[in-house]
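Visitor: what's the 3D shape of this:
(chains A, B and C)
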Amino acid sequence: MLNGDSLTPIYVQVAEWLETEILNGNLRSNERVYSQYQLADMFNINPATAAKGLNILADQGLVYKKRGLGMFVSPRAGERIRRKRINRNLKRLAQELAMEAERLGVSREELLDLIAEAWTQARKEELE
Amino acid sequence: MMSLTETSVPAVAWKQYRFKTKIYAGNLITLLAAQLLGLLLSFRGVGFSGFSSETVTHKIMYISGDIIVVITLIWAFVVGYNLAGSSFKQDFVFVSNRLSSHLSNIAYLLTSAVIAGVTASLGGILLRVLVVLAYGGQSHFGLFIPPLDLAGGIFAAILYALLVSAGGYLFGMLVQLSRAFIVLVPGLLIGALYMEAKTTGQARLLLDAVNFFVQESSYFLFFVKVFLAVVLGFALVIFFSQRMEVRK
Amino acid sequence: MRAAVECSGLTKAFGSTVAIDNLSFKLPANKITGLIGRNGAGKTTLLKLIAGYLAPTGGSVKVFSENPFNNVRVSANLIFVDDKMTMPQSLNLGEILEAVGGFYENWDHRLARGLLEYFNLNPRQHHHNLSKGMKSTFNMIVGIAARCPLTIFDEPTVGMDAAVRKDFYRALLKDFLQHPRTVFFSSHLLNEISEILDDILLLDQGRCRLYMTKDAVKEFAVGLQGKEEAVAAIAGGSEIFYRKKLGPENLYLVVPNRFSEEELLAARRKGVEVSAVPAEDLCVYLTAKHKGGIDDVFDRN
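Guide: Here you go, the predicted model:
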């Protein structure tokens, strides 16, 4: 669910949650996205905040508006979200990882080993 | 956009009046209980006189419905006073302005006065019937009251009740404006009487004021006097409360 | 958008005490606005001026373009909910709902009865026998079910437990989604209500200290924590909302959020932790008389 104390604003969190829904295939191409009122009700937030979250997706072309009907998932939105997340989130996480490793005096090889280990772990969990 | 409700002072006052008849229904029970008490007190008579010789005992019992009327008027005063105290706070919790609050109170007091006047008059008749049944004897007036006299009596009783409750309301509103009036009003009244007694040797002010109403022999003029007095009283209240703030 | 409430130069003094001081703002229609401020900041006075209970000493207040004082049309379109609402003692809760409903055109009786049942209030009980929290709950139900175009809540959660408060915020939001209206809501518990708010108006000594969207308030400031020199270097000459020494070398500063992503990343590299400042804390800092808060009193000795 959403985290009110996070540095990430709620409307950004709403946008990210919607992106994840698209990425997971819960929302498919040309399917109708939740309205701002549905989102407000789901997350117990103000509808204006929910609308702001939707607008982030609209601005990036991940959803498109049909007048009077609402917002719909753009074709190939999932793929674009995936690439965007690699560029943004993964890079940022990698940066933080590198910084924390430096603070702790962890060497480059040790860090890479840790990452490789986490990778196999994640793979295994997915197969199970 | 939620559309705005259009309304008017009379419409709101009517809603408030209906609200008040509901929430102050207890007043009527108090009235009936008080009148019943008055009936019981009256039943013992307000005075005796008589003579007896060795063979005959003559006893004259003075019985009147005055106690019922007095108790009813005290009730009317208290109702007026309490209404001034509680309604202002209560009204503004919901929909109200000053005028609608007063209008609904006036309507409520009028209703109360009608009920009080009718029940007090009927109580007086009940008293006569009971006395004749209980003591046998002869009622001075007889049991039959001409309908016109009865109607006139009821009409007068209603006007008295209205006058007194409006007085209570005016007093209560003054107290709402400033607590000092609780002492000030009786103080001024007694002070004026005292000064008058000191200078002229008589204290007729209050008596004259009461007689102004009581000694009127024409129903129509009596009605006009009460009507004007009540209108004046309410006009004063409405005028003084226009800038009054609502405190809780 | 049309303003539901408009104050200009609004002033209210009680004797020599100025409670509202030359206040001007517009409250947009159909938004939930939080009125925040410390005790004595003038929140209740402001709300009572808007409700028409009090008359301004100076300036003006307009509700739906009309002066609310002694105005029956404004009164019919607003409800003022607090813990001191006078309810008729002679009626039980069910009867009160019945009677009060008659005053409001949009009153939803089914909702009122439904909420009464949900919050375990017995309709045969009397208002004066309720506990503080139950009174607040009942008043809140009246406030929501009345569906007034302007709904004012003045510290409506007094005495409510956390679970009831949570349900109340949700009930208010759900009914607001279906029937949008202007809600002006004063509360000490900003963190709790923050998610359902559009805007926040922060009142300080009768004046407006901050008035912006809730999202903007949340991004208005950042907290910097780390070694004193590093923190000070990053803060530079910017305004400081709050400062607190953490041990002999560490410092926590709250400063305006004017940093770019890169600057924040650079700060992290220098060992300075950057954190969000909850809106509630920020409001406390902005209205504090001392930059160091209560700690100042103790540090002086």
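Visitor: Quick one, grab the pLDDT at residue C:131.
Guide: For residue C:131, the model assigns a pLDDT of 94.
Visitor: Let me know the distance separating the residue nearest to it when sequence neighbours are not counted from chain A.
Guide: Distances taken as CB to CB, 6 or more residues apart in numbering or on different chains place residue C:159 nearest to residue C:131, at 6.8 Å, with adjacent residues excluded. C-beta here means a position set from N, CA and C on the backbone, and glycine is covered the same way. Between residue C:159 and chain A the computed distance is 22 Å (CB to the nearest CB, to the nearest Å).
Visitor: I figured residue C:69 hits residue C:52, correct?
Guide: Yes - the pair residue C:69 / residue C:52 is scored as a contact, 4.7 Å apart, by CB atoms under 8 Å.
Visitor: More neighbours: those two, which one.
Guide: residue C:52 (25 against 21; other CB atoms under 10 Å in any protein chain shown).
Visitor: wait, the more buried one sits on residue C:77?
Guide: No - Residue C:52 lies out of contact with residue C:77 (CB under 8 Å); the separation is 10.9 Å.
Visitor: Identify the contacts common to those two.
Guide: Contact criterion CB atoms under 8 Å, 6 or more residues apart in numbering or on different chains; residues shared by residue C:52 and residue C:77: residue C:63.
Visitor: Please name the spatially closest residue to whichever residue of chain A sits closest to chain B (chain neighbours excluded).
Guide: Nearest to chain B, among the residues of chain A, is residue A:47, at 14.6 Å (CB to the nearest CB). Closest residue to residue A:47 apart from its sequence neighbours, by CB to CB, 6+ apart: residue A:40 at 4.1 Å.
Visitor: do residue C:287 as well
Guide: Nearest one to residue C:287, counting by CB to CB, 6+ apart, is residue C:204 at 4.4 Å.
Visitor: For that neighbour, give me its contacts.
Guide: Residue C:204 touches C:37-38, C:41, C:286-287, counting by CB under 8 Å, 6+ apart.
Visitor: So which of these is surrounded by the most neighbours?
Guide: Of the contacts of residue C:204, with other CB under 10 Å as the count, residue C:37 tops at 24 neighbours.
Visitor: On the pLDDT front, check the residue lying closest to residue C:11 once chain neighbours are set aside for me.
Guide: Excluding its sequence neighbours, the residue lying closest to residue C:11 (CB to CB, 6+ apart) is residue C:58, at 3.7 Å. We have a pLDDT of 93 for residue C:58.
Visitor: Can you tell me how far residue C:58 is from chain A?
Guide: Taking CB to the nearest CB, one finds residue C:58 at 33 Å from chain A.
Visitor: Could you pull up phi and psi at that residue?
Guide: Per-residue torsions, residue C:58: phi -150, psi 160 (degrees, to the nearest 10).
Visitor: That one reaches residue C:10, doesn't it?
Guide: Yes - the criterion here is CB under 8 Å, and residue C:58 meets it with residue C:10 at 7.5 Å.
Visitor: show me where chain B has strands.
Guide: In chain B, the strands defined using DSSP state E lie at B:47-52, B:57-62.
Visitor: before we move on, the earlier item: for the residue nearest to residue C:131, which residues are in contact?
Guide: By CB under 8 Å, 6+ apart, the contact set of residue C:159 is C:83, C:131-136.
Visitor: And the next helix or strand past the helix or strand in which residue C:245 is found?
Guide: Taking DSSP states H and E as the criterion, residue C:245 maps to strand C:242-246. Counting by DSSP H and E, the next helix or strand C-terminal to strand C:242-246 is strand C:250-256.
Visitor: so what secondary structure elements neighbour that following strand?
Guide: strand C:221-227, helix C:228-235, strand C:242-246, helix C:279-286 (3 or more CB pairs under 8 Å, 6 or more residues apart in numbering or on different chains; DSSP states H and E).
Visitor: What strands flank it, and is each parallel or antiparallel?
Guide: strand C:221-227 (antiparallel), strand C:242-246 (antiparallel) (DSSP bridges).
Visitor: The ones you listed: lowest mean pLDDT?
Guide: Of all the strands paired with strand C:250-256, mean pLDDT reaches its minimum on strand C:242-246 (a mean of 87).
Visitor: for the closest residue to chain A within chain C, which residues make a bridge with it?
Guide: Scanning chain C for the residue nearest chain A gives residue C:276, at 4.0 Å (criterion: CB to the nearest CB). For residue C:276, the beta-bridge partners under DSSP bridges are residue C:222.
Visitor: Lowest average confidence across helices and strands of chain B, where is it?
Guide: Every helix and strand in chain B was compared by mean pLDDT, DSSP states H and E; the lowest is strand B:47-52, with a mean of 63.
Visitor: For the helix ranked longest in chain A, which residues meet the burial criterion?
Guide: The longest helix of chain A (DSSP state H) is helix A:108-127. Neighbour-count burial for helix A:108-127, with 16 or more other CB atoms under 10 Å in any protein chain shown as criterion, is recorded at residue A:111.
Visitor: any idea which helix or strand carries residue C:104?
Guide: Assigned by DSSP H and E, residue C:104 falls outside every helix and strand.
Visitor: hmm, back to that, now do the same contact list for the residue of chain A closest to chain B.
Guide: A:36-37, A:39-40, C:177.
Visitor: try it again with 6 Å
Guide: By CB atoms under 6 Å, 6 or more residues apart in numbering or on different chains, the contact set of residue A:47 is A:36-37, A:40.
Visitor: Cool, thanks, signing off.
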